[in-house]
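Chemist: Need coordinates for the below:
(one chain, ligands or ions: 1)
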Amino acid sequence: MKIEPFLTEQFFTDYEFSAPYLLASSDCETMSIEALLDLSGSSLAALGQVTLGYTESQGNPQLRSQISQMYDAVSAEDVVVLTSPVEGIYLAMQSLLEPDDEVIALRPAYDALSNVARHLCRDVRDWNLVPTGNGWELDLDQLAAQIGPQTRMVVVNFPHNPTGFVPHPDQWKRLVELVRKHDTWLFCDEIYRGLEFDTPILSAADAYDKSIVLGGLSKTYGLPGLRAGWLVIRDAQLRDELINWKHYTTICPAAPTEFLAGQALQVRQQLADRSKAIIQKNLERFEDFLGQFPDLFVWRPPTAGSVAFVELNLPKLGFDSATDYCHHLARQHGIVLLPGKCLGFEDRFVRFGLGRQSFATSLQAYSKVVSQQVSARG
Ligand SMILES: Cc1ncc(COP(=O)(O)O)c(C=O)c1O
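Modeler: Numbers count the residues shown, from 1 in each chain. Purely as a prediction, here's the structure:
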């Protein structure tokens, strides 16, 4: 069966490993295996002792116990270790959804969150984050109007890619009340959790027993090459059904990844603090830049995460769409911004990534291009 093109990954495939100025990456600064092991007090020799036999399908019990400590109401039994975070979206939706089910999915969204649901179900409804004068708003009345006993799953992602939105605790409470009232599953992608600028967000795993929570080490902890991810599923029957699906995809996690993920979790606060410090510094630089071109960009600052979603004044930039603009920047100037269309949103937004050390250099290159364009257009 066909599935929609994965536009975000296709766009990155074209440019990520050739363009010099990556300004759209959602992961935070990474590190070498050696640096990680130094930080956690382990060693390359210890990694060398890891054997390469099959591992437990649900994940190493000690690793699951470490993961469960990131939540209040979760035990090691509730955790399923994955072979990559993105695998969790596929497995959860395959395990739960039938063609006649209705799904409500927050938009914009990382492609897999809506496309896998669309692949499986006929009726997937968009629930739009609303751009306001100075930020993004969750329209809970829109959700209340759409949700009903026919809704099998609501799909959200907090902290949100690409807007950096997190719900206020009162909004979070109302959302949980709505899904509880209709006995709906809540899929919450929390891969950017730990990057809140102020109060940490309550995990859906602690707020609602019919939640499925996706976590991983790719973004907040800067370790996407590890492919370490997990699901928290408190419902035992669903967990078993999902593990059965997992036997058809990856069977069990990679042994070296489980070892390194365990090391990373021992120092997770240090890793998250490092990412947050980079993001804050880059945000200051970015706001300085945006302040120089107030008529070209509409700025809605993120309140969490490592990305921001910026609206372009396309006529002033001389382009018809953000997609055309992004391809032009990548091909002519080696600068990578992600078009909002890849994330299912209007084609006048672009995503910036704030978690990399190289942000300053890449922004400088972009600033030069924008300045030249502005002076050329008079
Ligand atoms: C919201 C969200 N969920 C899941 C993923 C998948 O993470 P990974 O690429 O580490 O599997 C991403 C990656 O960009 C993401 O942004």
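
Chemist: Tell me the backbone dihedrals of the closest residue to Gly164 other than its chain neighbours, please.
Modeler: Distance criterion C-beta to C-beta, 6 or more residues apart in numbering; nearest residue to Gly164, sequence neighbours excluded, is Pro302 at 2.0 Å. From N, CA and C alone the C-beta is placed, and that goes for glycine too. Backbone torsions of Pro302, given as degrees, to the nearest 10, read phi -70, psi 160.

Chemist: Pro302 contacts Thr163, correct?
Modeler: Yes: checked against C-beta atoms under 8 Å, the pair Pro302 and Thr163 is within contact range at 6.6 Å.

Chemist: Looking at these two, which has the bigger crowd around it?
Modeler: Thr163 (29 against 26; other C-beta atoms under 10 Å).

Chemist: May I have the phi/psi pair for the residue in the stretch 251-378 of the chain positioned nearest to the ligand?
Modeler: Here the stretch 251-378 of the chain gets closest to the ligand at one residue, Val307, 8.0 Å apart by C-beta to the nearest ligand atom. The phi and psi values for Val307, taken as degrees, to the nearest 10, are phi -130, psi 160.

Chemist: surely it meets Gly164?
Modeler: Yes: in this structure Val307 lies within contact range of Gly164 using C-beta under 8 Å: 6.0 Å.

Chemist: Kindly report the residues of the protein close to the ligand.
Modeler: Neighbours of the ligand within the chain, by C-beta under 6 Å from any ligand atom: 26, 84-86, 110, 157, 161, 189, 191, 216, 218, 224, 229.

Chemist: can these go into TSV with extra columns for secondary structure, pLDDT and neighbour count?
Modeler: Shown next, in TSV, are the residues of the chain next to the ligand (DSSP: H, G, I helix; E, B strand; the rest coil; pLDDT from 0 to 100; neighbours: other C-beta atoms under 10 Å):
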residue	secondary structure	pLDDT	neighbour count
Ser26	coil	98	24
Ser84	coil	98	20
Pro85	helix	98	23
Val86	helix	98	23
Tyr110	coil	97	23
Asn157	strand	98	24
Asn161	coil	98	26
Asp189	strand	98	29
Ile191	coil	98	26
Gly216	strand	98	28
Ser218	coil	98	23
Pro224	helix	98	19
Gly229	strand	98	25
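
Chemist: quick one: contacts for the nearest residue to Thr30 once chain neighbours are set aside?
Modeler: Computed as C-beta to C-beta, 6+ apart, the closest residue to Thr30 that is not its neighbour in sequence is Gly222, at 4.7 Å. The contact partners of Gly222, by C-beta atoms under 8 Å, 6 or more residues apart in numbering, come to Asp27, Cys28, Glu29, Thr30, Met31, Leu271, Arg274, Ser275, Gly355.

Chemist: just to revisit the earlier point, so what's the residue of the stretch 251-378 of the chain closest to the ligand bridging to?
Modeler: Gly353 (DSSP bridges).

Chemist: any weak-confidence spans in the protein?
Modeler: Residues of the chain meeting the criterion pLDDT under 70: 378.

Chemist: The same query, at a cut-off of 80, please.
Modeler: Low-confidence segments of the chain, defined by pLDDT under 80: 377-378.

Chemist: Residue ranges of each domain in it, please.
Modeler: Domains of the chain are assigned by automatic domain parsing as 7-31+269-377, 33-267.

Chemist: would you turn those domains into a markdown table with distance to Met1?
Modeler: A markdown table is the format used below for the domains of the chain (distance: least, C-beta to C-beta, whole Å):
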| stretch | distance to Met1 |
| --- | --- |
| domain 7-31+269-377 | 19 |
| domain 33-267 | 7 |
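
Chemist: follow-up on the earlier one: among the contacts of Gly222, who's most crowded?
Modeler: Cys28 (28 neighbours).

Chemist: how far away is that residue from Ala277?
Modeler: 10 Å (C-beta to C-beta, to the nearest Å).

Chemist: again, but for Ala254
Modeler: Here the criterion is C-beta to C-beta. By it, Ala254 lies 30 Å from Ala277.

Chemist: if you count what's nearby, which of the two comes out ahead?
Modeler: Using other C-beta under 10 Å as the criterion, Ala254 and Ala277 rank with Ala254 on top: 19 against 11.

Chemist: what sits against that one?
Modeler: By C-beta under 8 Å, 6+ apart, the contact list for Ala254 reads Thr55, Thr83, Arg227.

Chemist: mind giving me JSON lines with the residues you listed and columns for secondary structure and neighbour count?
Modeler: Formatted as JSON lines, these follow (DSSP: H, G, I helix; E, B strand; the rest coil; neighbours: other C-beta atoms under 10 Å):
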{"residue": "Thr55", "secondary structure": "coil", "neighbour count": "19"}
{"residue": "Thr83", "secondary structure": "coil", "neighbour count": "19"}
{"residue": "Arg227", "secondary structure": "coil", "neighbour count": "20"}
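
Chemist: quick one: which of those is nearest the ligand?
Modeler: Once C-beta to the nearest ligand atom is applied, the member of these that ends up nearest the ligand is Arg227, at 6.7 Å.

Chemist: could you dump stretch 161-169 to PDB, C-alpha only?
Modeler: The C-alpha trace of stretch 161-169 is given here as PDB (Å, rounded to 0.1, in the frame of the first residue of the first chain):
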ATOM      1  CA  ASN A 161       7.900  20.700  16.200                       C
ATOM      2  CA  PRO A 162       8.000  23.100  14.400                       C
ATOM      3  CA  THR A 163       6.500  26.000  16.500                       C
ATOM      4  CA  GLY A 164       8.100  25.400  19.800                       C
ATOM      5  CA  PHE A 165       4.700  25.600  21.400                       C
ATOM      6  CA  VAL A 166       3.900  24.000  24.800                       C
ATOM      7  CA  PRO A 167       0.400  24.100  26.300                       C
ATOM      8  CA  HIS A 168      -0.300  26.000  29.500                       C
ATOM      9  CA  PRO A 169      -1.100  23.600  32.400                       C
END
